[in-house]
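Asks: Any chance you could fold what I've pasted below:
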Amino acid sequence: MTRWRSRHAVELGVAVGALSLALGSTACTGVLDGDPMNSVMSGPPGSTSGGSGNTGGSGSSGGASAQAAPGFKAIHRLNNSEYNATVADVLKTKLQPANGSWRVYELNGFDNMADVQLVDTDQYQRYFDAAGSLADDVFAIPDFRAAFLTCTTPDDACVKGLIGNLGLHLFRRPLKPAEVDNYKAVYTAGQGQGYDHEGSLKHVLRALLSSSEFLYRMEFDPNPASADKHPLNGYELATRLSYFLWSSAPDDALLAAAADNSISQDATIKSTVDRLLKDPARAPRFVQNFYGQWLGGRRVAEHAVAPDVYKSWTPDLANALAEEMYDYFADFLNTDRSWLEFLTADENFVNGPLATLYGLPAPAASSTGLTKVTNTTDARKGFLGLGGFLAQSSLDRRTSPTLRGRWIMINLLCTHPPSPPQNVPKIETAAGMTDLSKGNVRAILEKHRTDPNCANCHKLFDPYGLPLEQFDGIGAYRTTYADGSPVDPSTTLADGTNLKGLDELASSLSADPRFKQCVADNMFGYGLGRLATDADRPALDDIQKVWNNGTEVPSLRRLIQAIVLAPSFRTRSGQAAP
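Replies: Reported below is the predicted structural model:
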């Protein structure tokens, strides 16, 4: 700590003191031990929490089996998106401290997987610096002052009341008396350094924001060594719900439902899901963070495109393609449309440049974003017809049926084809290193597949990509390649099914049982912040039975409700480290 001035050393000392107190409880499964500046915050993925058990409240679990085990769940640190959203919602700040210098850890394509959210000394320093910047910023914000500075005197009643209110919102639960006393000592230390009431409260806020109880979403067990199932308490359940759908802390309504434990009732959970999804400011985070990672909306704007091949590609077009992907998914979420229409719905969301790319009439100017259009006379349909998908599953200079097919298998069918053998040549090799942006990709790919080392893999996923050859590397429709040769969009799947073009491919995929299962598996893993494993299959089967009950539309909203009503989401058990 010698690199900081004396005052900063004291500030860090009180913050770490608060952190150490938070870590003193052994009731949090997966005990974090050691120096809070090092091993505590950078512990291995095995430091944990997780659980299974009977549901709280009515215990009906929306019809799911009460015996379905939820599996192991590591202690969950806020990722960068969650950190920024939490401080924005709770503290009313416009600062976004989790910037490009903060590391991003991903697992299975998601950055909210608890197992990989590690913290080293450098990252803790970023947290501590951000806490200082936030504390300096928010005391000048009227909304923060109205919510948290409700008294102005240095007596115990005022100071402890302020600490309790801040702690409730930042820790997502009420503070214990010993914790209040600890943060009151931080306030007193600030006064001892000559700070006034608000200056001392800034020390308190910085310590709270530097604490593991803020940085981690902690869940506690009466007996960490016991595998007996028990419900999450109201605050833990409210926190799971809010970070699932808002990537942020519970609001006052959720905290109130946690306080009286009404959040444990099925009806309250369902109405809460509806309320959270209707929030105009926070609900879009679910679309951006779940769908944007699962199906790639986040990656479109940064996709590499060769400007000499695709001259119409611009940053504005790329951003519009990404926005269309979000709008398309949000339309299904908000209108309760059947998920089985996701690949076949004849609709797009366009502005002028995007309409030009698609060959559609330019929409009327709109100040609110893209315009929803339908066009039953074109060959474009559903998610697979979105330019954002078609671009991100292509190379910078040409389409790739292989990449598109492999993408479909992994992301839409949750089927992982084998990895290619080492030293597999590019298909350009089969064409004498010809620039395939000017040639017939399908013909050269077929020549490439004559190599027996390549054929076994390509026959699995190429058939899913070949019907999309009618769309170029940024999603424009075409009937011929650049050399004038015709595009052939026909294919035969590995099971012998013959189909042609996007329309028939979309219908075939929609009827594949893996398509319904894949969205549930991915949303389940994202919602819990851990990978779905084979041990979760009984729980996922129960969720499928509730979602696909044969009488109600299998909408995204109903899938979310089936997941959060299931025992896997509502319960936990102790799992002490060996």
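Asks: how about the closest residue in space to residue 197 that isn't next to it in sequence, what does it touch?
Replies: Take residue 197 and drop its neighbours on the chain: the residue closest to it by CB to CB, 6 or more residues apart in numbering is residue 154, 5.3 Å away. (C-beta placed from N, C-alpha, C; glycine too.) Contact analysis of residue 154 by CB atoms under 8 Å, 6 or more residues apart in numbering lists 191, 197, 200.
Asks: low-confidence ranges in this protein?
Replies: Along the chain, the model assigns pLDDT under 70 to residues 1-72, 367, 421, 423-425, 428-433, 448-456, 575-578.
Asks: By residue count, what's the longest helix in it?
Replies: For the chain, the longest helix by residue count, based on DSSP state H, is helix 315-335.
Asks: residues in contact with stretch 278-294?
Replies: With contact meaning CB under 8 Å, 6+ apart, stretch 278-294 is reached by 81, 85, 89, 109-112, 244-248, 276-277, 297-298, 325-326, 329-330, 333, 411, 522-523, 526.
Asks: before we move on, back to that, may I have the longest helix of the chain exported as CSV, CA atoms only?
Replies: Listed next in CSV are the C-alpha coordinates belonging to helix 315-335 (Å, rounded to 0.1, in the frame of the first residue of the first chain):
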residue,chain,number,x,y,z
PRO,A,315,-20.6,1.5,-39.1
ASP,A,316,-24.1,2.8,-39.3
LEU,A,317,-25.3,-0.3,-41.3
ALA,A,318,-23.5,-2.6,-38.8
ASN,A,319,-25.2,-0.9,-35.9
ALA,A,320,-28.6,-1.1,-37.6
LEU,A,321,-28.1,-4.8,-38.2
ALA,A,322,-27.3,-5.3,-34.5
GLU,A,323,-30.3,-3.2,-33.5
GLU,A,324,-32.6,-5.3,-35.8
MET,A,325,-31.4,-8.5,-34.0
TYR,A,326,-32.4,-7.0,-30.7
ASP,A,327,-35.7,-5.7,-31.9
TYR,A,328,-36.6,-9.0,-33.5
PHE,A,329,-36.0,-10.9,-30.3
ALA,A,330,-37.8,-8.2,-28.2
ASP,A,331,-40.8,-8.5,-30.4
PHE,A,332,-41.2,-12.1,-29.6
LEU,A,333,-40.6,-11.5,-25.9
ASN,A,334,-43.0,-8.6,-25.6
THR,A,335,-45.9,-9.9,-27.7
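Asks: How far does that helix sit from its chain's centre?
Replies: For helix 315-335, the distance from its own C-alpha centre to the chain's C-alpha centre is 16 Å (CA atoms, centre = their mean, to the nearest Å).
Asks: Could I get the full set of strands for the stretch 51-200 of the chain?
Replies: Assignment of strands within the stretch 51-200 of the chain using DSSP state E, counting those that start in this stretch yields the ranges 76-77.
Asks: where along it do the helices fall?
Replies: 80-91, 121-138, 142-148, 156-171, 177-192, 197-209 (DSSP state H, counting those that start in this stretch).
Asks: now for the ones you listed, which one comes closest to residue 530?
Replies: Across the helices of the stretch 51-200 of the chain, residue 530 has its closest neighbour in helix 80-91 (15.0 Å, CB to CB).
Asks: For that closest one, output the C-alpha coordinates as PDB.
Replies: Extracted as PDB, the C-alpha positions of helix 80-91 are listed here (Å, rounded to 0.1, in the frame of the first residue of the first chain):
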ATOM      1  CA  ASN A  80     -19.000  -5.600 -15.900                       C
ATOM      2  CA  SER A  81     -22.500  -5.100 -17.200                       C
ATOM      3  CA  GLU A  82     -24.100  -6.000 -13.800                       C
ATOM      4  CA  TYR A  83     -21.700  -3.700 -12.000                       C
ATOM      5  CA  ASN A  84     -22.500  -0.700 -14.300                       C
ATOM      6  CA  ALA A  85     -26.200  -1.400 -14.200                       C
ATOM      7  CA  THR A  86     -26.300  -1.800 -10.400                       C
ATOM      8  CA  VAL A  87     -24.500   1.500  -9.600                       C
ATOM      9  CA  ALA A  88     -26.700   3.300 -12.200                       C
ATOM     10  CA  ASP A  89     -29.900   1.900 -10.700                       C
ATOM     11  CA  VAL A  90     -29.100   2.200  -7.000                       C
ATOM     12  CA  LEU A  91     -26.900   5.300  -6.900                       C
END
